[in-house]
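[1] Coordinates for the following, if possible.
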Amino acid sequence: MFSFQPDAFPLHPGVYLMKDATGKIIYVGKANRLRKRLASYFRPREQLTVKTRVMMTKVEQIDTLQTGTEKEALLLEASLIKKHRPRYNIVLRDDKQYLLFRLDKRSDFPRLSITRKVTRDGSVYFGPFTSAFAARQTLKAVNRIFPLRKCNDHVFRNRIRPCLQYDIGRCMGPCVHPVVPKVYADVVHKVELFLSGRSRELMVQLRHEMQAASEALAFERAAELRDLIRAIEKTVEPQAAVLPGDRNLDVISLVKDDRGLVVAMLFVRRGKVLDSKHFFWKGVRLDAGEEGAIIHSFVSQFYGPEKFVPERIVLPCALDDPALEEVLADFREGPVRISKAWGDVERRLVDMAEANGREFVRKKQQNAESLNLARAFGFKTEPERIECIDASHLSGQGMRVGMVVFEQGKPRKKDYRIYTFPEMEEKADDYKALAGFLVRRLASGPPWPDLMLVDGGKGQLRALQQVFEQEGKGDLFPLASIAKGETRRAGELGDRIFVPGRKNPLALKQGSRELLFLQLLRDNAHRFVISSQRRSRKKKNLDSSLESLAGVGPKMAGMLWKHFGSLAAMKKATPLELQALPGIGEKKARFLAEAFARLD
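    Next up, the predicted model:
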């Protein structure tokens, strides 16, 4: 156990890193005065929380990093926690999932798009939406109701004829038609009212415009406004305001459960609850007096320069930390207030967030009971993150390994990866490819899976085990393989699950929920890697077709792909558009336009 010597530590602000006997960082913290904060860990045992007592028995070394201010220490602490993911810190596994709408106000003709990052470039953002499906459905509704442009900036600048969206009346066609910016700006203003939850104000404005158009005998315009009002009424679901005025705030609550700890959030925009989100840490126990520290750690990791930060964050307990408010104010480029719920309305919102968190835990428990992989594999807890891999090639060509990721039983597509092995051309060696994959996967770092499943039998499983033995990381995460049976016929031997150190497959019944789920993972990995391989072969064939044209080499083929993005776009390109590219004159541009039209 570490022997604390106060004089060995400075009185300045900074970050401290606690390490175990192997040198691994197990806790990261920040302090305004490092010596004083570290001394608090070495009080009599009965004055420490249970978690702190357990942690301190493992601490063998404490390193410090001094900073100029407590604000700098806070930023450094959040960065180090995300990088090292220490065992005794509350670490966000998923802090970038929600979506925002972005309206680029710098353009004369702004376009509405979906993004996950906030860029301080003058754009206006609406959200967040934790459901990608809900966000895209809302975007479809906006695109149907309001005639904003749909194409990206590159297409907008290079378009020479209006698209289908213009033909069906869903775009004003500013790319090729002389649209008055003031008229377009009026549509943008209506979109802002719609997305910011001010539907009532928008409807009043539209009814006034319809009445004015009718009195001016502009009946076609009045009919357009009538149809717009009806479309909005069908799209917008009535939602009661939970706060007076147009306040934006995030509400955070803690839920203690036997299975772990839940942080529940509500996103309130324009006085109405827009969405919610939950974070769960299995096996984490909340000791008395730790609420503030956990919420502080959560807030410092959750918000960042690319996140939407509201002007107020409501908590279940007081958190007096001017440095944290200063950091968030820099992210928001405006004042941010973090405080305990004030008044009956805000206290009800905290209670609402807690109730949603308890419902989240209840549903999670139901899912765990319906799918018991922990019992099947002999784990202490249910695996939350599972990575499934499959190696694929075509007669030794295009060797690659695909990895799909499921978290809490659902696909996490942003973590899907394809690993290519150009050095293995003409070598149909799945084992070597899988070993190479695992070396690269270990180098990429956490988050680590609670289970890695490989499509194959004992040979594929052994190839992964050998990498663990060579790297000295045999206990980092468990491995398993899923092998196809002798036949696919009903009633005969089906898929089998193998694990290291066991000769026979696991005793999973054919048709059981657990086996069906593992088969789903395997099938997803197989489809993912095969589709990647097909796209690669198609592009390779198209590259060959381009390079077969006179005067087109690898460099020019690459330039054409980079500029146009697809063969369809190349076929539509005019000689003038081709001539605008470097290295292409008038004669070659005409030749290429004719040659593209003949390509299949």
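[2] can you give me the strands for the stretch 351-500 of the chain?
    For the stretch 351-500 of the chain, the strands defined by DSSP state E, counting those that start in this stretch occupy 385-394, 397-407, 410-411, 417-420, 451-455, 479-483, 496-498.
[3] could those go into JSON lines alongside distance to Leu48, mean neighbour count and mean pLDDT?
    In this view, the C-beta of every residue, glycine as well, is placed from N, C-alpha and C. Output for those, formatted as JSON lines (distance: least, CB to CB, whole Å; neighbours: other CB atoms under 10 Å; pLDDT from 0 to 100):
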{"stretch": "strand 385-394", "distance to Leu48": "31", "mean neighbour count": "23", "mean pLDDT": "89"}
{"stretch": "strand 397-407", "distance to Leu48": "33", "mean neighbour count": "22", "mean pLDDT": "88"}
{"stretch": "strand 410-411", "distance to Leu48": "38", "mean neighbour count": "12", "mean pLDDT": "88"}
{"stretch": "strand 417-420", "distance to Leu48": "42", "mean neighbour count": "17", "mean pLDDT": "90"}
{"stretch": "strand 451-455", "distance to Leu48": "34", "mean neighbour count": "24", "mean pLDDT": "93"}
{"stretch": "strand 479-483", "distance to Leu48": "37", "mean neighbour count": "23", "mean pLDDT": "92"}
{"stretch": "strand 496-498", "distance to Leu48": "43", "mean neighbour count": "20", "mean pLDDT": "90"}
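[4] Mind checking these for the one nearest to Met570?
    strand 397-407 (23.9 Å; CB to CB).
[5] Mind listing the strands that closest one pairs with, and their directions?
    strand 385-394 (antiparallel), strand 410-411 (antiparallel), strand 417-420 (antiparallel) (DSSP bridges).
[6] closest to Ala212 out of the strands of the stretch 351-500 of the chain?
    Going by CB to CB, the one of the strands of the stretch 351-500 of the chain nearest Ala212 is strand 410-411, 50.1 Å.
[7] Contacts for that closest one, please.
    Val404, Val405, Asn524 (CB atoms under 8 Å, 6 or more residues apart in numbering).
[8] thought the last one was touching Ile389?
    No - with contact defined as CB atoms under 8 Å, Asn524 does not count as touching Ile389 (10.9 Å).
[9] overlap in contacts of those two?
    Common neighbours of Asn524 and Ile389 (CB under 8 Å, 6+ apart) are Val404.
[10] Poorly predicted segments of the stretch 201-350 of the chain, please.
    231-245 (pLDDT under 70).
[11] For it, just list every one of the strands.
    Going by DSSP E, counting those that start in this stretch, the stretch 201-350 of the chain shows strands at 249-257, 260-269, 272-282, 312-315, 337-340.
[12] Please render these as JSON lines that adds mean neighbour count to the earlier fields.
    Converted to JSON lines, the strands of the stretch 201-350 of the chain look like this (neighbours: other CB atoms under 10 Å):
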{"stretch": "strand 249-257", "mean neighbour count": "22"}
{"stretch": "strand 260-269", "mean neighbour count": "22"}
{"stretch": "strand 272-282", "mean neighbour count": "18"}
{"stretch": "strand 312-315", "mean neighbour count": "22"}
{"stretch": "strand 337-340", "mean neighbour count": "16"}
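[13] who wins for proximity to Leu560 among these?
    strand 272-282 (42.6 Å).
[14] got the CA coordinates for that closest one in PDB?
    C-alpha atoms of strand 272-282 as PDB (Å, rounded to 0.1, in the frame of the first residue of the first chain):
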ATOM      1  CA  LYS A 272     -41.200  21.300 -23.200                       C
ATOM      2  CA  VAL A 273     -39.600  17.900 -22.600                       C
ATOM      3  CA  LEU A 274     -38.000  17.000 -25.900                       C
ATOM      4  CA  ASP A 275     -36.200  13.700 -25.100                       C
ATOM      5  CA  SER A 276     -34.500  11.700 -22.400                       C
ATOM      6  CA  LYS A 277     -31.300   9.600 -22.100                       C
ATOM      7  CA  HIS A 278     -30.000   7.100 -19.500                       C
ATOM      8  CA  PHE A 279     -26.500   5.900 -18.600                       C
ATOM      9  CA  PHE A 280     -26.000   2.700 -16.700                       C
ATOM     10  CA  TRP A 281     -23.000   1.300 -14.800                       C
ATOM     11  CA  LYS A 282     -23.400  -2.200 -13.700                       C
END
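[15] what sits against the residue of the chain positioned farthest from its centre?
    Centroid-distance maximum for the chain: Leu217 at 51.3 Å, with CA atoms, centre = their mean. Under the criterion of CB under 8 Å, 6+ apart, Leu217 has no contact partners.
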